[in-house]
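Enquirer: Got a predicted structure here, sequence first:
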Amino acid sequence: TTNPGSLLKIGLSVTGGYVYRGAAIPALQGKYVFADWSTSFGTPNGTLLGLEETTPGSFTLSQLDIAGGNPIGRYVPSFGEDEEGELYVATRTMAAPSAPEPGGLPSGQLFKIVAAPVEQTVTLTADRDNSVFSEFAGNSNGAGDLFAGQILNSPAIRRALIHFDVSSIPAGSQINSAAVTLEVTKVGPATGGGFTFGLHRLTRDWGEGNSAGLGQGAPAEDGESTWEEAKFNQEAWAEPGGDFIAADSASRVVGNL
């Protein structure tokens with residue numbers, strides 16, 4: 001039992017629910033999840049609630065922490081449970097059970113109760129690049145030098161490709177922001193005092209270069225990386241929207257060192 005005077009005074013009517021037995025939200029394990037139908041007859045404003053036994057014979061009532069706020073701005077007429085013990089909440093925006101919204105559409109919506117997303121920062125190290133001119137064997141594995149920019153005394157532009165393995169990021173994750181850090185170690189003479197480097201997202205995969213440790217690079221083999229100024233009779237990647245996104249993700253002017 002509990003002291004009635006200690007209970008939250010919420011609204012108009014209790015909507016029965018379920019004891020949570022799912023696995024997706026550990027914080028709800030063993031908690032009886034239910035709702036108050038609404039705080040008002042005229043305005044949809046249901047509140048999702050939880051009741052748990054904190055000590056034998058003593059219960060604690062609380063409002064669930066819901067993204068977007070709780071009350072949820074909808075009437076709550078019912079709950080549901082699936083085979084895994086995960087819970088669903090049925091809602092509507094009109095007070096009458098079958099009242100349509102303007103336009104004749106039903107006013108009900110069914111929501112699954114899920115865990116709030118956890119914001120994390122992930123740092124990835126490049127795992128391969130197209131450094132066919134690396135000075136040491138193995139430097140094309142994301143750790144070697146990249147050669148990119150405007151070729152001296154030529155209008156041709158050489159691209160460098162770099163790859164990150166993002167398999168450690170869970171599928172369905174929302175990326176709020178991303179940044180790539182490159183260290184510039186050498187810059188040649190640039191017309192007008194600077195060259196604008198653009199960062200573009202590729203739309204097809206590519207292979208690594210093969211330096212063979214000779215210091216002079218080696219011709220790109222089948223399936224290896226190519227660039228706009230093809231040095232080894234390879235196909236140039238020059239079709240925005242087919243090989244890479246035309247709009248750059250970021251750009252930076254690099255001048256002489």
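Expert: Okay, I see it. Numbering: from 1, shown residues only.
Enquirer: hmm, who's touching stretch 47-62?
Expert: Contacts with stretch 47-62, where a contact means Cβ atoms under 8 Å, 6 or more residues apart in numbering, come from 1-2, 7-8, 10-11, 28, 30-36, 39, 63-64, 66, 70-72, 76, 89, 113. For the C-beta atoms, the positions are set from N, CA and C on the backbone; glycine is no exception.
Enquirer: Show the end-to-end separation of it, please.
Expert: 10 Å (Cα to Cα, to the nearest Å).
Enquirer: now the contacts of stretch 47-62: which count as buried?
Expert: Neighbour counting by 16 or more other Cβ atoms under 10 Å classes 10-11, 28, 31-36, 64, 70-72, 76, 89, 113 among the contacts of stretch 47-62 as buried.
Enquirer: biggest separation within those, which pair?
Expert: Using Cβ to Cβ, the pair of the buried ones among the contacts of stretch 47-62 lying farthest apart is 11 and 28, separated by 21.3 Å.
Enquirer: Do you have the strands of the stretch 51-200 of the chain handy? List them.
Expert: For the stretch 51-200 of the chain, the strands defined by DSSP state E, counting those that start in this stretch cover 58-63, 75-81, 87-92, 108-112, 128-129, 149-150, 157-158, 162-163, 194-199.
Enquirer: which one among the buried ones among the contacts of stretch 47-62 gets closest to residue 204?
Expert: residue 113 (40.1 Å).
Enquirer: mind listing what the closest one touches?
Expert: Residue 113 is in contact with 25, 28, 33, 48, 86, 87, 88, 89, counting by Cβ under 8 Å, 6+ apart.
Enquirer: Please produce TSV containing those residues, extended by pLDDT.
Expert: Output for the contacts of residue 113, formatted as TSV (pLDDT from 0 to 100):
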residue	pLDDT
25	91
28	92
33	96
48	95
86	95
87	96
88	97
89	96
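Enquirer: Surely residue 244 is in contact with residue 201?
Expert: Yes - in this structure, residue 244 is within contact of residue 201 by Cβ atoms under 8 Å, at 6.7 Å.
Enquirer: Tell me which of these two has more neighbours.
Expert: residue 244 (19 against 10; other Cβ atoms under 10 Å).
Enquirer: Backbone torsions only: list them for the more buried one.
Expert: Torsion angles at residue 244 (phi, psi; degrees, to the nearest 10) stand at phi -150, psi 160.
Enquirer: where's it relative to residue 94, distance?
Expert: Residue 244 is 50 Å from residue 94, where distance means Cβ to Cβ, to the nearest Å.
Enquirer: now residue 181
Expert: Counting by Cβ to Cβ, the gap from residue 181 to residue 94 is 53 Å.
Enquirer: Comparing these two, which residue is more hemmed in?
Expert: Taking neighbours as other Cβ under 10 Å, residue 181 and residue 94 compare with residue 94 leading, 15 against 5.
Enquirer: can you tell me how far residue 126 sits from residue 161?
Expert: Distance from residue 126 to residue 161, counting by Cβ to Cβ: 10 Å.
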